[in-house]
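Colleague: Give me a 3D structure for the following:
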Amino acid sequence: MKAVVIGGGIGGLAAGIALHRAGWHVDVLEKAAKLEPVGSGLAVASNGLRALDVLGLGDRVRELSRMEGQVGIRRHDGAWLTHTTEDRARELYGDSIVVLLRARLVELLTETLGPERLRLGTAVTGVDAATGTVRTDAGELTADLVVAADGIHSRVRAALFPRHPEPVYAGVTTWRGLAPRPDGPIRSSESWGRGTVFGIHALDDELVYFYATDLSPAGATGGDERAELVRRFGTWHAPIPALLEGARPDHILRNDLYYLREPLPAMHAGRVALLGDAAHPMTPNLGQGACQALEDAVVLGHLAGGDLAAYTEARLRRTADVVRKSMAICRITKVRNPVAVAVRDRAMSLASRFRPDLMLRSMDEILGWRPPVSTGSDRASAGPA
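Modeller: Prediction:
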C-alpha cells in the first residue's frame, strides 16, 4: 500500500512515521528545498507525549522537560491567579508538559522518518481525491492514501470542500521568540492583562521561550517587533522586561491567529485524509495544535488500512471540541474592559482556592487521551482514558 503525505511539518512527518510503522510505503512531499530551523518553541502535553510514544519518540522528548515548581496563570503584576505543579500533572495523567524548540521536534521526526521517505523541493499542484493522484511540479504520483498536512490555509482542504468557510481571524496577533535566560528563577507561566497575554518557559539553562498576544487588526505589523513588545509589555513583572531586552529583533516571529469556526463535514474525501492544521486550525490558547496533529497521525496510522470514514469518526468531534475550547479561552483573554478584567481575575483566583487542581481538571478530556490499540483484528477507537 502506498501513501503520499503532503507537507513536511510536524503533522506530516508524524503521519509518515505512523504509516511506515503500519507497513505502508510512504513519500512525504515538502515544497521547501530544506527544512530550516524555523519557529521558536512549542508545548507537548501528556496526550501528545503518548502519541509520540507510538512513534518511538516519547522518551526522547520527555528528556527535554525543564518544568519545575509552580506553574500557572498570573496577572500582569506577577500575582498568581491559578497554579499547579508538574508533580500534580504527573499524578493525574502520568506525564507533565514538555516545552521544546519546534526545530528540535522536527529534527527528531525527520530523523525517525528517514531521508529516503522525504522529498524536499517538491511542490504539489493538485490532487484527485477519487484516484489518489497527486500532481507535483516534478510529475505525478498515485497512492492508495493521500494525507493532506499542508497547513492552516490548506489548498487541498479548499479543493475538497470548496463551499466550506475558510478559517477566520481570531482578532489576535501573536509574537514568539527566544531570549537568553536572565538571572533568577524562571517559572513556566502565562500572565494575563487587559486583552494581552505573555507566556514564559525555560528551555534549558541558557534559553527561554516566550510568546505574547494582543488585539490587533489582521495584517498589522509593528516594524521593529521587539520595540513593539517593549511598548506593550515592558512594565510587566520580572523577568519579562529582561527577556525583551535580551531578545534579538530578527528572532521574533509575528503571526495573526486563525481558527476554523465551523468544523468540516468530514476529515476525509475519497482517498484523501486531512490532518493537523489542514483539518482543524485552532488558536494556541490550550497549547494543543501540535498535540492534535500528533494524535491525528497516530490514529490515521492505526485505521488507514480500512475505511477513512473511521478516521473521521475517531477525530472530527474531538478536534472540533478542542478548537471550540481553545477559542473560548482566547475570548476570555481578549477582555479589555477594566471592570470585566477585574471580575475575570477575581473569579479565577477564587475558583482556584476552592479547587487547587482546577487548571488541570478543566483539561481532563484533552489530556486523558489514549492512543488506539489493536487486539487481533479488532481496532479500538481512540478516546479519553
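Colleague: quick one: A43 and Y259, what's the gap?
Modeller: 18 Å (C-beta to C-beta, to the nearest Å). Glycine gets a C-beta too; all of them are placed from N, C-alpha and C.
Colleague: Could I get the full set of helices for the stretch 101-250 of the chain?
Modeller: Using DSSP state H, counting those that start in this stretch, the helices of the stretch 101-250 of the chain run over 102-113, 155-160, 225-233, 240-246.
Colleague: Dump the shortest one to PDB, keeping only the CA atoms.
Modeller: This means helix 155-160. The C-alpha trace of helix 155-160 is given here as PDB (Å, rounded to 0.1, in the frame of the first residue of the first chain):
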ATOM      1  CA  ARG A 155      -5.200  24.300  -0.700                       C
ATOM      2  CA  VAL A 156      -6.200  20.600  -0.500                       C
ATOM      3  CA  ARG A 157      -8.900  21.300   2.000                       C
ATOM      4  CA  ALA A 158     -10.200  24.200  -0.100                       C
ATOM      5  CA  ALA A 159     -10.300  21.900  -3.200                       C
ATOM      6  CA  LEU A 160     -12.100  19.100  -1.300                       C
END
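Colleague: so where is the stretch 1-150 of the chain shaky, pLDDT-wise?
Modeller: Under the criterion pLDDT under 70, the flagged ranges of the stretch 1-150 of the chain are 37, 68-69.
Colleague: Strands of that one, start to end?
Modeller: 2-6, 25-30, 41-44, 70-75, 80-85, 98-101, 118-120, 124-128, 133-136, 139-142, 145-148 (DSSP state E, counting those that start in this stretch).
Colleague: most packed of these?
Modeller: Most buried of the strands of the stretch 1-150 of the chain, by mean neighbour count (mean count of other C-beta atoms under 10 Å): strand 145-148, with a mean of 29.
Colleague: Partner strands of that one and their direction?
Modeller: Its sheet considered, strand 145-148 pairs with strand 2-6 (parallel), strand 272-274 (parallel) by DSSP bridges.
Colleague: In the chain, spot the strand with the most residues.
Modeller: In terms of residue count, the longest strand belonging to the chain (DSSP state E) is strand 168-180.
Colleague: Could you check that one and say which residues are buried?
Modeller: Of the residues in strand 168-180, 170-179 count as buried by neighbour count, 16 or more other C-beta atoms under 10 Å.
Colleague: Let me have the strands of the stretch 1-150 of the chain in a markdown table, extended by distance to R355.
Modeller: Shown next, in a markdown table, are the strands of the stretch 1-150 of the chain (distance: least, C-beta to C-beta, whole Å):
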| stretch | distance to R355 |
| --- | --- |
| strand 2-6 | 42 |
| strand 25-30 | 44 |
| strand 41-44 | 23 |
| strand 70-75 | 13 |
| strand 80-85 | 9 |
| strand 98-101 | 25 |
| strand 118-120 | 46 |
| strand 124-128 | 48 |
| strand 133-136 | 50 |
| strand 139-142 | 53 |
| strand 145-148 | 41 |
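Colleague: hmm, back to that, nearest to H251 among the strands paired with strand 145-148 would be which one?
Modeller: Comparing the strands paired with strand 145-148 against H251 with C-beta to C-beta, the closest turns out to be strand 2-6 (29.0 Å).
Colleague: Mind listing residues that contact that closest one?
Modeller: Contacts to strand 2-6, defined as C-beta atoms under 8 Å, 6 or more residues apart in numbering, come from residues 12, 15-16, 19, 24-29, 124, 127, 132, 134, 141-150, 156, 304.
Colleague: Which pLDDT value goes with the closest residue to N47 other than its chain neighbours?
Modeller: Closest residue in space to N47, ignoring its immediate chain neighbours: W369 at 4.0 Å, by C-beta to C-beta, 6 or more residues apart in numbering. As predicted, W369 sits at a pLDDT of 95.
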